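My questions are about this predicted structure, shown below with the sequence.
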Amino acid sequence: MPVACLVVSRLGVGVKLTRTSMLEVIGADYVRTARAKGLRERAVLVRHALRNALMPVVTAFGVQLGYLLGGTLVVEVVFGWPGIGQYAIGSITAVDFPAIMSVTVVISVFFVLANLVVDVLYLYLDPRLRNA
């Protein structure tokens, strides 16, 4: 249930962004060229359209990971699960500065690692970046 609360709250943004990006890419010249060459529609959508449409989606999901971390604070308190959220809330109420700073550092490191993963995914998705 807690995972569903975290994921469902952010899933709509990703679905809407994917749809918008796909509609924009489907009208591009290279998609029309792929269709004119006689490729199957599934191959055109997956290889040509979806791969190019995923760039803004990957960026948005990288930012969404930061929001998910903030959401864990609330979800852990609501569901009563012990974790970094409970620890952070307890540290804030007890005004324990070293604990607050440690939680901030852990969340920041996670956020930086998430952005690193997004950058590596860029290299996989966009072949133009591999040569740069």
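Thanks, I have it.

Any chance you could list what contacts stretch 85-103?
72, 73, 74, 75, 76, 77, 84 (Cβ atoms under 8 Å, 6 or more residues apart in numbering). In short, each C-beta sits where N, CA and C put it, glycine included.

And the fifth one, how far from residue 3?
Relative to residue 3, residue 76 is positioned 12 Å away (criterion: Cβ to Cβ, to the nearest Å).

Looking at these two, which is more packed in?
Each of residue 76 and residue 3 has its neighbours counted (other Cβ atoms under 10 Å); residue 76 has more, 19 against 8.

Skipping its backbone neighbours, what lies nearest that one in space?
residue 85 (3.4 Å; Cβ to Cβ, 6 or more residues apart in numbering).

Same check on residue 49?
Nearest to residue 49 is residue 25, by Cβ to Cβ, 6+ apart, at 4.8 Å.

How about the contacts made by that neighbour?
By Cβ under 8 Å, 6+ apart, the neighbours of residue 25 are 31, 49, 52, 53.

Next, it: secondary structure please.
Secondary structure, DSSP: H, G, I helix; E, B strand; the rest coil: residue 25 is helix.
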